[in-house]
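>>> I need the structure of the sequence given here:
(one chain, ligands or ions: 1)
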Amino acid sequence: VTAQTKITLNTDLAKTKINKHIYGHFAEHLGRCIYGGMYVGENNTKIPNTAGVRNDVIQALKELKVPNLRWPGGCFADAYQWKDGIGPKEKRPKMVNVWWGGVTEDNSFGTHDFLDLCERIGAEPYLAGNVGSGTVQDLADWVSYVNQPTGSPMSDLRIQNGRKQPWNVKIWGVGNEAWGCGGNMTPEYYANIYRQYATFMKDITPESKLYKVASGASSDDFAWTETLMKNIPHNMMSALALHHYSVLSWKDTKGPSVGFTEAQYFKTMDEAWKMEEFVTKHSTIMDKYDPEKKIDLIVDEWGGWYETDAEGKGALYQQNTMRDAMIAGLTLNIFNNHADRVRGANLAQIVNVLQAVILTNEEKMLLTPTFHVMKMYNVHQDATLVPMSIDSPTYEFNGKKLTAVSSSASKDASGALNISLTNIDFRKSHEVTINLRGEDFSKVSGQILASTNISDHNTFEQPNKVSVKDFSGAKLEKGVLKLTIPAYSVITLKVSK
Ligand code: AHR
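This is a model prediction of the structure:
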């Protein structure tokens, strides 16, 4: 144990809601995310399923309290023809997934499958519209197909395909990564295209008032945010997106997902911490054009990205270790603390792709360390952010320094405080003192996710190697909480009266 982390929580000053949508997920037609990971087909007799979707995955996602799920991409969204994914499955046209491995997509998982799944797990759907290669009419038709109760050609088609009631889909992406796979557009050009597509995406009923998300910047592309905030009328845009991955390099090796060096670990943490800088700077630009914070910042892709294991380049399958738990704990603390502007986020991606919460192998399934962190943190969903000041020691490597302990806290409907702490330090545990200002509390309980090695992960043979344990190491005395947080661990505490 070395230096002290000192936190002061101003419990009486809590006012900003942590939007539950910060805890959103993302499912793309990529590798085994949809096929094999979620959808195994209605006629599968080996893997128990409901309407073709694995029961074990449905169960896990319910447990996780997934607030929203983004689909069908990613890059795939701007190649996707939604009309090929409706109607009798045997008649659906096939396509080539040009972005992900050039595999044949048989369109057997389409709009009905996705929206019914969202209903089943209690998640709001977030549909990413095709702006890169689809027409304005296609996207307008998709809105009508899912949201028009009756009386339009599209609502009639939906009813004919077996769904009477509209789904009332509110969250819509107007393209994805328009600066790259979504069309290689300039920000000025995309701003115009956005205005055109968004014009024809109609609010059909009061229950389905659209929440339109403009395709956002990558990492530090502040000019993108500036141009969009300047050129898109603010009443046409509910949110602006941002993507940032914790990746070692886009050009050279991304490093392995297991068995990485400390240098690689440090760099991953450095990239994860950059989220703080990026969210702050993009928010500052947004503040200039939208001081009342009417437009949300949605980080609709984030997570660790490593070299693909085993399954080939296009599949983006990777293992998930305690390093990923660190990315998750740190990033969610950052989002919570920026709840006044960050009102949504989507971890990439939900099953078998990138920083997945679930991995599957035929009939086997496991929950990753990231799943556990997302679940430990879901107490913050729609709770009220408690402002904090934090003074943390640093984690040093080769002369470089990163803040070791990050934290965020919220007050729930019962008046209890939930505090989350993540220590990314590779070597040292840290003593933490938390001063609870403003209210009196008497009880404390906690949970911890920790493991012997940073590369520890769950396997199909040992699915519970990394798992959540009760944590009773926090002592509360006269309004001050004291605990020690081990190296590379995540702790959540519940404090009540
Ligand atoms: O999540 C994988 C890919 O990363 C997405 O398809 C794309 O939007 C981003 O570049």
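>>> CA atoms for contacts and neighbours, from now on please.
Will do.
>>> Enumerate the residues of the stretch 51-200 of the chain near the ligand.
Within the stretch 51-200 of the chain, the positions near the ligand by CA under 6 Å from any ligand atom are 73, 74, 75, 177.
>>> Please identify which of these is nearest to residue 165.
residue 73 (25.1 Å; CA to CA).
>>> so the closest one makes contact with residue 28?
Yes - the pair residue 73 / residue 28 is scored as a contact, 4.4 Å apart, by CA atoms under 8 Å.
>>> Next, count neighbours for the residue in the chain that the ligand sits nearest to.
Here the chain gets closest to the ligand at one residue, residue 74, 3.2 Å apart by CA to the nearest ligand atom. Residue 74 has 26 neighbours, counted by other CA atoms under 10 Å.
>>> Also residue 474?
18.
>>> what residues are up against it?
444, 445, 446, 481, 482, 483, 484 (CA atoms under 8 Å, 6 or more residues apart in numbering).
>>> same question, residue 307
By CA under 8 Å, 6+ apart, the neighbours of residue 307 are 253, 254, 255, 256, 257, 316, 318.
>>> how about the second one, what does it touch?
For residue 254, the contact set (CA under 8 Å, 6+ apart) comprises 247, 248, 305, 306, 307.
>>> redo that, cut-off 10 Å
246, 247, 248, 264, 268, 304, 305, 306, 307, 308 (CA atoms under 10 Å, 6 or more residues apart in numbering).
>>> Just the pLDDT for it.
We have a pLDDT of 96 for residue 254.
>>> Then the last one?
Per-residue confidence for residue 318 comes out at a pLDDT of 96.
>>> returning to that earlier point: from the contacts of residue 307, which would you call buried?
Neighbour counting with 16 or more other CA atoms under 10 Å marks 254, 255, 256, 257, 316, 318 as buried within those.
>>> With distance to the ligand and secondary structure as extra columns, can I get these in a markdown table?
Shown next, in a markdown table, are the buried ones among the contacts of residue 307 (distance: CA to the nearest ligand atom, whole Å; DSSP: H, G, I helix; E, B strand; the rest coil):
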| residue | distance to the ligand | secondary structure |
| --- | --- | --- |
| 254 | 14 | coil |
| 255 | 17 | coil |
| 256 | 17 | coil |
| 257 | 16 | coil |
| 316 | 8 | coil |
| 318 | 12 | coil |
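>>> ok, residue 415 - how many residues close by?
Using other CA under 10 Å, residue 415 has 15 other residues around it.
>>> for it, helix, strand, or coil?
Following DSSP: H, G, I helix; E, B strand; the rest coil, residue 415 is assigned to coil.
>>> Spatially nearest residue to it (excluding sequence neighbours)?
In space, residue 415 comes closest to residue 496 once its chain neighbours are excluded; the distance is 7.2 Å by CA to CA, 6 or more residues apart in numbering.
>>> How many neighbouring residues does that neighbour have?
When neighbours are counted by other CA under 10 Å, residue 496 registers 16.
>>> For it, give me the pLDDT.
The model's pLDDT for residue 496 equals 96.
>>> For it, list each beta-bridge partner.
On the basis of DSSP bridges, residue 496 is bridged to residue 443.
>>> Surely it and residue 442 touch.
Yes - at 6.2 Å, residue 496 counts as touching residue 442 under the criterion of CA atoms under 10 Å.
>>> which residues are in contact with both of these two?
Counting by CA under 10 Å, 6+ apart, no residue touches both residue 496 and residue 442.
>>> what touches both of residue 73 and residue 28?
The contact sets of residue 73 and residue 28 overlap at residue 349 (CA under 10 Å, 6+ apart).
>>> circling back: any idea how far the residue nearest to residue 415 is from residue 333?
The gap separating residue 496 from residue 333 is 21 Å, by CA to CA, to the nearest Å.
>>> same check, this time on residue 405
Note on residue 405: its distance to residue 333, by CA to CA, is 10 Å.
>>> State the pair within the buried ones among the contacts of residue 307 that is farthest apart.
Taking CA to CA, the two most distant members of those are 255 and 316; they sit 12.9 Å apart.
>>> Spell out which residues are contacts of both of these two.
The contact lists of residue 255 and residue 316 share 305, 306, 307, 308, where a contact means CA under 10 Å, 6+ apart.
>>> distance of the last one from residue 257?
When you say that, I think you mean residue 308. Going from residue 308 to residue 257 by CA to CA gives 8 Å.
>>> Residues in contact with both of those two, list them for me.
Shared contacts of residue 308 and residue 257 (CA under 10 Å, 6+ apart): 317, 318, 319, 354.
>>> Throw those residues into CSV and include secondary structure, thanks.
Output for those, formatted as CSV (three-state DSSP):
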residue, secondary structure
317, coil
318, coil
319, coil
354, coil
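>>> which residue ranges form the helices in the protein?
55-64, 111-121, 136-147, 153-160, 187-199, 222-231, 262-289, 322-337, 369-377 (DSSP state H).
>>> Contacts for the first one next, please.
If I follow you right, that is helix 55-64. Helix 55-64 is contacted from outside by 23, 25, 37-39, 47-50, 66-67, 117-118, 120-123, 350-351, 357-360, 363-367, 371-378, using CA under 10 Å, 6+ apart.
>>> Quick one: mean pLDDT for that helix?
Here the average pLDDT along helix 55-64 is 98.
>>> do the third one as well
Averaged over helix 136-147, pLDDT sits at 98.
>>> burial count for the closest residue to residue 102 other than its chain neighbours?
In space, and not counting its chain neighbours, residue 102 is closest to residue 96: 5.7 Å by CA to CA, 6+ apart. Neighbour count for residue 96, taken as other CA under 10 Å: 14.
>>> Then the one 4 residues further on?
Per other CA under 10 Å, the neighbour tally for residue 100 reads 18.
>>> quick one, what contacts the closest residue in space to it that isn't next to it in sequence?
Taking CA to CA, 6+ apart as the measure, residue 100 lies nearest to residue 314, with 4.7 Å between them; neighbours along the chain are not counted. Taking CA under 10 Å, 6+ apart, we find residue 314 in contact with 30, 31, 97, 98, 99, 100, 101, 102, 103, 308.
>>> roughly how far apart are the closest residue to residue 463 other than its chain neighbours and residue 375?
Computed as CA to CA, 6+ apart, the closest residue to residue 463 that is not its neighbour in sequence is residue 366, at 5.6 Å. Separation of residue 366 from residue 375 (CA to CA): 14 Å.
>>> Of these two, which one has the most company?
Neighbour count, other CA under 10 Å: between residue 366 and residue 375, residue 366 has more, with 22 against 18.
>>> OK, contacts around that one?
By CA under 10 Å, 6+ apart, the neighbours of residue 366 are 56-57, 60, 351, 357-360, 458-464.
>>> For ChimeraX, what selects the buried ones among those residues?
In ChimeraX, this line selects whichever of the contacts of residue 366 come out buried by 16+ other CA under 10 Å:
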select :56,57,60,351,357,358,359,360,458,459
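>>> does residue 83 really touch residue 92, like I thought?
Yes - the pair residue 83 and residue 92 qualifies as a contact (CA under 10 Å) at a distance of 8.9 Å.
>>> can you list residues touching both of the two?
107, 110.
>>> which ones are touching residue 168?
Contacts here follow CA under 10 Å, 6+ apart; on that basis residue 168 touches 115, 124-125, 143-149, 203-210.
>>> swap that for residue 494, please
Neighbour list for residue 494: 379, 409-412, 416-420, 443-447 [criterion: CA under 10 Å, 6+ apart].
>>> swap in residue 182?
Residue 182 neighbours (CA under 10 Å, 6+ apart): 74-79, 130-133, 175-176, 190, 215.
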